[in-house]
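>>> predicted structure and sequence below. I'll ask about it afterward.
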Amino acid sequence: MYNLLEAFIKSRTSIDDATLKMICSHFEPVKTRRNELLLNYSDVCQHYYFVNKGCIRLYTINKEGSETTRFFAFEGGFGTALPSLIEQTPAHEYMQTIERSELLRISRHNFYHLVDTVPQFAFIYRQILELGFITAQKRIYGFQGFDALEKVKWVIRHQPDFLLRVSNKMAASYLGLSPSTLSRAKARL
């Protein structure tokens, strides 16, 4: 259950086996159903998740009932409602698994304990934050001025299996398109 997490850590930093095992001991396995909520809107986030199998989605719902997806975490990635986790304020989004998933969950307390006491874990956390920021910036600035087809090409280039794993409705909400516009753009590929 911890092999993917161990490989993730080893691929990013030099670490001895004892420290690696100690880090993993702070994570607990969690199995979820399809579309299971991990965090409700306005709840305070208390966990960080590593995806062994499946997918986590972070999204909001506007007053008209339309969903906007902000982030997906697939196998080998971390996901959480980071502003809520850091600030310990109510989340302004939902977090759910969109498939039956196998996750490794770490509490906020244990997560920050590792960040504060294990230099390799602090380094990995910084990498996760930096990569998340860069990806978000590329998506935001890259999408400005993109038409629907260019958005679809962008997501294929940067997340090749994304459109195969995510429903058309969720993909459209992530790309800022209607489902019918996304379908037309995909047909033009």
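Received, thanks. Just so it is clear, the structure is predicted and the values come from calculations on it, not from any experiment.
>>> which helix is the longest one in the protein?
Scanning the chain for the longest helix, with DSSP state H as the assignment, gives helix 119-143.
>>> got the angle for the following helix or strand past it vs helix 119-143?
Counting by DSSP states H and E, the next helix or strand C-terminal to helix 119-143 is helix 148-158. Put simply, helix 148-158 runs at 160 degrees to helix 119-143, going by axes from the mean of the first three to the mean of the last three CA atoms, to 10 degrees.
>>> list the buried residues in helix 148-158.
148, 151-152, 154-155 (16 or more other CB atoms under 10 Å). All C-beta atoms are positioned from the backbone trio N, CA, C, and that covers glycine.
>>> give me the mean pLDDT for it.
Averaging the model's pLDDT scores along helix 148-158 yields 89.
>>> over to stretch 167-176?
Rounded mean pLDDT across stretch 167-176 is 92.
>>> contacting residues around that stretch?
Residues from elsewhere that reach stretch 167-176 (CB atoms under 8 Å, 6 or more residues apart in numbering): 57, 59, 66-70, 72, 98, 143, 148, 151-152, 155, 162-163, 166, 178-179, 181-183.
>>> domains in the protein, as residue ranges please.
Domain assignment of the chain by automatic domain parsing yields the ranges 3-135, 145-189.
>>> and the last one, how far from the chain's centre?
When you say that, I think you mean domain 145-189. 18 Å (CA atoms, centre = their mean, to the nearest Å).
>>> how far off centre is the longest helix of the chain?
11 Å.
>>> again, but for stretch 98-110
11 Å.
>>> try stretch 45-64
Counting by CA atoms, centre = their mean, stretch 45-64 comes out at 7 Å from the chain centroid.
>>> ends of it, how far apart?
25 Å (CA to CA, to the nearest Å).
>>> just the strands in this structure please.
Assigned by DSSP state E, the strands in the chain fall at 28-32, 36-39, 47-53, 56-61, 67-73, 78-79, 94-97, 101-107.
>>> the residue minimising distance to the centre of the chain: what's it in contact with?
By CA atoms, centre = their mean, the chain has its centre lying nearest to residue 73, at 3.0 Å. Contacts for residue 73 (CB under 8 Å, 6+ apart) come out as 49, 51, 55-56, 79.
>>> who's the spatially closest residue to it that is not a sequence neighbour bridged to?
Distance criterion CB to CB, 6 or more residues apart in numbering; nearest residue to residue 73, sequence neighbours excluded, is residue 79 at 3.1 Å. Counting by DSSP bridges, residue 79 is bridged to residue 49.
>>> contacts only, for residue 79.
Going by CB under 8 Å, 6+ apart, the list of residues near residue 79 reads 48-49, 51, 56, 58, 71-73, 95.
>>> still on that earlier bit, quick check: the farthest pair among the contacts of residue 73?
Using CB to CB, those span at most 10.8 Å, a distance reached by 49 and 55.
>>> which other residues reach stretch 24-38?
By CB under 8 Å, 6+ apart, stretch 24-38 touches 1-2, 5-6, 47, 49-50, 52, 54, 56, 94-107, 110-111, 113-114.
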